[in-house]
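Undergrad: Following is a predicted model, sequence given first.
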Amino acid sequence: MEKTKSADPYSPCMLCPRRCGADRTHGITGFCKATAEVTVNLSMIHRGEEPVLGGEGGCGAVFFEGCSLRCIFCQNHEITSVTGKGTSYDEKSLAELFLKLSDEGAGAIDLVTPMHFAPTVANAVKAAKDEGLKVPVICNCSGYETVSTLKLFDGLVDIYLPDLKYFSPKVSAKYANAPDYFGTACLALDEMYRQTGSFVLENGIMKRGMIVRHMMLPGNLFDSKHILDYLVSRFGDSIFISLMSQYTPMPHILENEKAPEELRRPLSQDNYERLCDYLAELGQTNAFVQETGASGTLMIPDFNT
Ligand code: SF4
């Protein structure tokens, strides 16, 4: 007998590649640490995103609690692995939050790690657009997504801002318990690009398109080079590549004696510069790099903990 699809996307939950089947509607949390109750830890005007995002008004960032990837070194660990500190939202109140941020001058709505709440968030984006939201909507996510969940955002998200974090299955297994990360993320990025197409800038501000982030990790230069090889050969200058140097060993890593040694130290600036040079040698023109000294907790918002 064929299994019929559940009418409730949160029970059993198969929204992300973990497909852990948690009964989130009845208060059970999955690997992502989230029930079906959408919680936002923080919403704010954020001026730290790539310079083509948001313009002078900045981005109206909405930080969701929980995450389906949960890398061990997460820079937002306080809200991705520890949930229940934020405010609950339903579709209507979430749409109102997007409209409020836009009214306050945000040049874009920046959904940060929304994918494990995708059904609710997608409906909220639709409701906000129906109510007159005009600024682009950005989906800022880990890259570890299913194509079927991404399709919920088709026609609603204007800009995808995914990470492409790991190439080697050994590395992604070690840091995120996700040996399938690279293959899964490649399919996800293809779907994101199918939805947005090549980027569109108006007066230097992105209205549509994709920016792929890669945060270099200490001791992983070769993994990072493979990531750049892939992005340049697959998408080239039809997307932007954002190469980040802001890796910071967070307290939960420094206090964990079992954490991989390489993650307990900051990124070598020399290695980061070598990677920037490598990206230039590959011929990529549309790229962002970070200035020396971008690492450190100043880059991390002050979450509700
Ligand atoms: S979104 Fe969460 S509950 Fe759903 S499959 Fe992924 S980890 Fe499990």
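TA: Thanks, I have it. Numbers count the residues shown, from 1 in each chain.

Undergrad: What is the burial count for the closest residue to Gln284 other than its chain neighbours?
TA: Excluding its sequence neighbours, the residue lying closest to Gln284 (Cβ to Cβ, 6 or more residues apart in numbering) is Val232, at 5.1 Å. Placement of C-beta: from N, CA and C, glycine included. Close neighbours of Val232, defined as other Cβ atoms under 10 Å, add up to 19.

Undergrad: so is the closest residue to the ligand within the stretch 51-200 of the chain in a helix, a strand, or just coil?
TA: For the stretch 51-200 of the chain, the residue closest to the ligand is His116, as judged by Cβ to the nearest ligand atom, at 3.8 Å. At His116 the chain is in helix, as set by DSSP: H, G, I helix; E, B strand; the rest coil.

Undergrad: Who are the contact partners of it?
TA: 15-16, 30, 32, 34, 64, 66-68 (Cβ atoms under 8 Å, 6 or more residues apart in numbering).

Undergrad: And the residues you listed, which two are furthest apart?
TA: Farthest pair in these (Cβ to Cβ) is Gly30 and Phe64. Separation: 14.2 Å.

Undergrad: So between these two, which is more surrounded?
TA: Neighbours per residue, other Cβ under 10 Å: of Gly30 and Phe64, the larger number sits with Phe64, 29 against 23.

Undergrad: So that one sits against Val112, correct?
TA: Yes. Between Phe64 and Val112 there is a contact under Cβ atoms under 8 Å: 6.4 Å.

Undergrad: which secondary structure elements does the helix or strand harbouring Glu191 contact?
TA: Element membership of Glu191 [criterion: DSSP states H and E] is helix 181-196. Contacts defined by 3 or more Cβ pairs under 8 Å, 6 or more residues apart in numbering; DSSP states H and E place helix 181-196 against helix 147-150, strand 159-162, helix 169-176, strand 205-215, helix 221-234.

Undergrad: Just name the most buried of the ones you listed.
TA: Stretch with highest mean neighbour count among those: strand 159-162 (a mean of 24; mean count of other Cβ atoms under 10 Å).

Undergrad: which residues sit against that strand?
TA: 49-50, 53, 108, 110, 136-143, 145, 185, 188-189, 192-193, 195-196, 206-213.

Undergrad: Keeping just the C-alphas, turn stretch 91-111 into CSV.
TA: Listed in CSV are the C-alpha atoms of stretch 91-111, where the atom choice follows Å, rounded to 0.1, in the frame of the first residue of the first chain:
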residue,chain,number,x,y,z
GLU,A,91,1.5,33.4,10.2
LYS,A,92,-0.5,36.6,10.8
SER,A,93,1.8,38.0,13.4
LEU,A,94,4.9,37.1,11.4
ALA,A,95,3.5,38.9,8.4
GLU,A,96,2.9,41.9,10.6
LEU,A,97,6.5,41.7,11.8
PHE,A,98,7.8,41.8,8.2
LEU,A,99,5.6,44.8,7.4
LYS,A,100,6.7,46.6,10.6
LEU,A,101,10.4,46.1,9.7
SER,A,102,9.7,47.4,6.3
ASP,A,103,7.9,50.4,7.7
GLU,A,104,10.9,51.1,9.9
GLY,A,105,13.0,51.5,6.8
ALA,A,106,14.5,48.0,6.2
GLY,A,107,15.4,47.6,2.5
ALA,A,108,14.9,43.9,2.7
ILE,A,109,13.5,41.2,5.0
ASP,A,110,16.2,38.8,6.0
LEU,A,111,14.8,35.4,7.1
